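>>> Fold the following for me, if possible:
(chains A and B)
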2 protein chains.
Amino acid sequence: MISAEPISFSQAFELINPHLYTVEERIRAQAKSFDPAVEGYVSYVCGAGGKRLRPALALLSAGATGKITASHVDLAVILELIHIATLVHDDIMDGAELRRDQPSANAKWGNAITVLLGDCLFAHALRLSTNFSNSDICRRIADAAAEVCSGEIIQTQRRFDLKLSTSDYYRIIEMKTAALFSAACELGAFISEASPPVISALKTFGTKVGVAYQIYDDILDLAGNEEETGKTLGTDLRKGKFTLPVLLMLQSGRDVSTIRELLLKEDKVDGELLVAMLGSAGALQSAKAVAHRLIQEALTQLEDIQDNKYARGLRAIPAHLGTLLEKL
Amino acid sequence: MISAEPISFSQAFELINPHLYTVEERIRAQAKSFDPAVEGYVSYVCGAGGKRLRPALALLSAGATGKITASHVDLAVILELIHIATLVHDDIMDGAELRRDQPSANAKWGNAITVLLGDCLFAHALRLSTNFSNSDICRRIADAAAEVCSGEIIQTQRRFDLKLSTSDYYRIIEMKTAALFSAACELGAFISEASPPVISALKTFGTKVGVAYQIYDDILDLAGNEEETGKTLGTDLRKGKFTLPVLLMLQSGRDVSTIRELLLKEDKVDGELLVAMLGSAGALQSAKAVAHRLIQEALTQLEDIQDNKYARGLRAIPAHLGTLLEKL
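Numbering: from 1, shown residues only, chains lettered A, B, ... in the order given. Purely as a prediction, here's the structure:
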C-alpha cells in the first residue's frame, strides 16, 4: 500500500526525534560503564556525532511494524556502537587524521590505544546485546558484526587488485556496509513481532539501501564537492579501493591499459585525470544508475507493508539518497 | 576436603585429554564458518597451537563440579578464541614478528588485515556464545572480553609511567589476564549447575591463578632463560611495561633515581643491568613471594569443594605454577 503523500528525509527524522534523542543520550552514557581510565576515550569517540542512519532505520522499521519500544532503542544504540567501533578501526587502517572535523582517535592517542578502544566498544556493544531476552536477537547482531569485519578484510585484501569484479565489489559492500543496515531493519521488525514475510521484506530493504548508500558514498569520493564534503577526492583510489565507477570502466573495455596504469600508482594516482576519464566514459553515470535501481528495488520491498507514517519515513531514506545521487 | 594424593600438571591435562582434543578440533574448524576469503587467515592463527590453559581450567572446573558436557566444550572453545583474538591484536601493538616461532599475523599480512582479523575472531567468539540457552553465560563472556580490552588499554596508557603503583599493576593484570581465567572457572561450574558458593569459590580461584600466572610471566621476561623461553629478556622494560619486580624495587626506595633513569631510556634500556639490580635488591624474590601467596590463596578456595580427580587436576594448575616459579 503506497501512500499518496510521501514525506521528506528531515520529516522522517522528526518522526522519531524523541527516540533518537534517547539513543544519543544512551550512546553518550555508555562511557560510564567502562573503567574510569578508559571512560575518556570512549566518551570522545561516542560523543563525536554522526548521521545515526542505522538507529533511524531501526526505529522507523519498528514504527512501521508496531510500537517503538525500549528494546528498539537498545537495538539502535547497539548497532551504532558497533558502527562506531568499526570507524575507530577504519581510521587506523586509513591513517586518517580527522573524523568529522575532529582529530581521530588514532591521531590523538596512537594506534595501540585505538585498536584496543575499538575492541572495547565492540565487546561492550555485544555485551549490551546479551540483555535481549530473545537470544536470536543477540546472535543476529553478532552475525552482522562478524560480517562487517569479514567484508572489511576482503576489501583490504583486494586493494590494488585489478582482478576485482563488480560482483566481488557488491559482495564486499553488502558485508561491510549493508550488514548493519539490514540488521537494523530486520531486527526493528522482529522486535515488533512482525510476520516473517514483513521481517524478510525489511531485511532485504535494509540490504538494498545499504548497498545503494555505499555506492553513493563511493561515487562521492570520486565526484563529490570537496568543499561540501570536507573530504579530499580520490582517496579511495590512492588507497587501492577500486569502487563501482572504476570497475564499470574497466569492465567496459575503454582505455583499459591507461586506467590500469593510473590505478597502480598508489599515492601518486592522478585522481583528477581518472575522475575526468570516468566521467567522459559515462562510468560515474552507470554507477549512479545501479544505485538508482537498488533504491527502486528497496522501495518495492515496502509495497506490501501496512502504510503508516513510519513506513513513509522509511521510504524517505532511499528516496533522499536518490535525490543526493541526482545532485552529484 | 583435600585429597591425600595430589596429581601432576601433565596428569591433570591427561584427565581431560579427549575433551581438549575436541576443543582443539573445534578451534581449528572455526575457520570454515568465515567467508572463504577470510578462512585462510583465521585458520592460520587458530592452528598455531598454544597452552590452552583457559580451556583446561574450564574443563577441569566442569569435572570438579559435575559432568563435562558439550556446553563446557563450547565454553572452552569460545574463551580460547577470545584469547587468540587478543593475542592477534597484542602482536600488532608490540610489533611482534613471531608468535610461537612462526611469523605473527601482522608480520605476514600487515597491520590493517590483522586488526580486522582480530575483530572477526572476537565477533565470531561472541556469536558462538549466543548459542548458550542461558543468556547469563553469554553476558558473562562478553563482560570478560570487555574487561580484557579495558585492562590492555590501561596497560598501554600507563607505559613508561613511573607513578604506576603495585595496586594499579594488580588491577591491570586482573583485567587483562585473570578475567578470562576467572570466567573459565566460574562458568565451568555455572554450566554444571554448582551451588552459588562453589561457583563463587571457583571464580576467585580463577582470578588468583590468573594474577599469579601473569606475575610469573612478567618475572620470566626479566629473569627467564632466553634459550628455554625463546624470548628476549627485558622486552617489557623496553616497551615501558613496568611489572611487579620493578614496581616493588621502586617502592622499596633503593636506587630509585638510577632505576628511574634506566627505565625511561625506552629502546635503549639496559635490561641486563636492571635485571641484576632487581636481583640483588631482592625484588625478583619479593615478586615471586607475591605469586606464591596468590597460589596458596587459590588453593584455599578449593578446600570446600567435593574432592574428585578433576578437583585434584584443578589444584595441579597453581601447584605447577609454584614449581615453575621455584625454577626461576
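
>>> Give the next helix or strand downstream of the helix ranked longest in chain A.
Across chain A, the longest stretch assigned as helix under DSSP state H is helix A:196-223. Per DSSP states H and E, helix A:196-223 leads on to helix A:226-229 as the next helix or strand towards the C-terminus.

>>> dump the residue contacts of the closest residue to A:Asp119 other than its chain neighbours.
Leaving aside its chain neighbours, A:Asp119 sits nearest to B:Cys149 (4.2 Å; criterion: CB to CB, 6 or more residues apart in numbering or on different chains). C-beta: built from backbone N, CA, C; applies to glycine. The neighbours of B:Cys149, taking CB atoms under 8 Å, 6 or more residues apart in numbering or on different chains as the test, are A:116, A:119-120, A:123, B:86.

>>> tell me the average confidence for the longest helix of chain A?
For helix A:196-223, mean pLDDT is 96.

>>> Can you name the helix or strand that the residue nearest to A:Asp119 falls in?
Take DSSP H and E as the rule and B:Cys149 turns out to sit in helix B:135-157.

>>> Quick check: next helix or strand after that helix?
Following helix B:135-157 toward the C-terminus (DSSP H and E): helix B:166-173.

>>> on that earlier part again, which of the contacts of B:Cys149 has the largest number of neighbours?
Neighbour counts for the contacts of B:Cys149, by other CB atoms under 10 Å in any protein chain shown, peak at A:Leu116, which reaches 29 neighbours.

>>> Do me a favour and get the backbone dihedrals for it.
Phi and psi for A:Leu116, reported as degrees, to the nearest 10, are phi -70, psi -40.

>>> Out of the helices and strands in chain A, which is least certain?
Sorted by mean pLDDT, DSSP states H and E, the helices and strands of chain A end with helix A:226-229, the least confident at a mean of 70.

>>> how much space between the residue in the stretch 201-328 of chain A positioned nearest to chain B and A:Val269?
Nearest residue of the stretch 201-328 of chain A to chain B: A:Lys239, at 9.9 Å (CB to the nearest CB). Applying CB to CB, to the nearest Å, the value for A:Lys239 to A:Val269 is 9 Å.

>>> ok, now A:Arg140?
Look at A:Arg140 and A:Val269: by CB to CB, they are 39 Å apart.

>>> again with A:Gln251
Distance of A:Gln251 to A:Val269, given as CB to CB: 19 Å.

>>> quick one: which of the two has more around it?
Between A:Gln251 and A:Val269, A:Val269 has the larger neighbour count (other CB under 10 Å), namely 19 against 13.

>>> Please name the residues that touch the closest residue in space to A:Thr204 that isn't next to it in sequence.
Of all residues not flanking A:Thr204 in the chain, A:Gln301 sits nearest, at 5.1 Å (CB to CB, 6+ apart). With contact taken as CB under 8 Å, 6+ apart, A:Gln301 is in contact with A:201-202, A:204-205, A:208.

>>> Same list (those) but as TSV, adding neighbour count.
Formatted as TSV, the contacts of A:Gln301 follow (neighbours: other CB atoms under 10 Å in any protein chain shown):
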residue	neighbour count
A:Ala201	22
A:Leu202	30
A:Thr204	18
A:Phe205	29
A:Lys208	26
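
>>> ok, so of the residues you listed, who is nearest B:Gln285?
Within those, the smallest distance to B:Gln285 is 64.9 Å, found for A:Leu202 (CB to CB).

>>> Hmm, that closest one is touching A:Ala62, no?
No: A:Leu202 is not in contact with A:Ala62 according to CB atoms under 8 Å; the separation is 10.0 Å.

>>> any shared contact partners between these two?
A:188-189.

>>> quick revisit: the inter-axis angle of the longest helix of chain A versus helix A:166-173?
Counting by axes from the mean of the first three to the mean of the last three CA atoms, to 10 degrees, helix A:196-223 lies at 110 degrees to helix A:166-173.

>>> Return the set of buried residues in helix A:196-223.
A:198-199, A:201-223 (16 or more other CB atoms under 10 Å in any protein chain shown).

>>> gap between it and the chain center?
Relative to its parent chain, helix A:196-223 has a centroid offset of 8 Å by CA atoms, centre = their mean, to the nearest Å.

>>> other SSEs contacting it?
The contact analysis (3 or more CB pairs under 8 Å, 6 or more residues apart in numbering or on different chains; DSSP states H and E) places helix A:196-223 against helix A:53-65, helix A:166-173, helix A:179-191, helix A:235-238, helix A:244-252, helix A:271-280, helix A:283-301, helix A:309-327.

>>> any idea what sits nearest A:Phe132, other than its immediate chain neighbours?
Nearest to A:Phe132 is A:Cys138, by CB to CB, 6+ apart, at 5.5 Å.

>>> my guess is that neighbour meets B:Ile137, correct?
No: the criterion here is CB under 8 Å, and A:Cys138 misses it with B:Ile137 at 11.5 Å.
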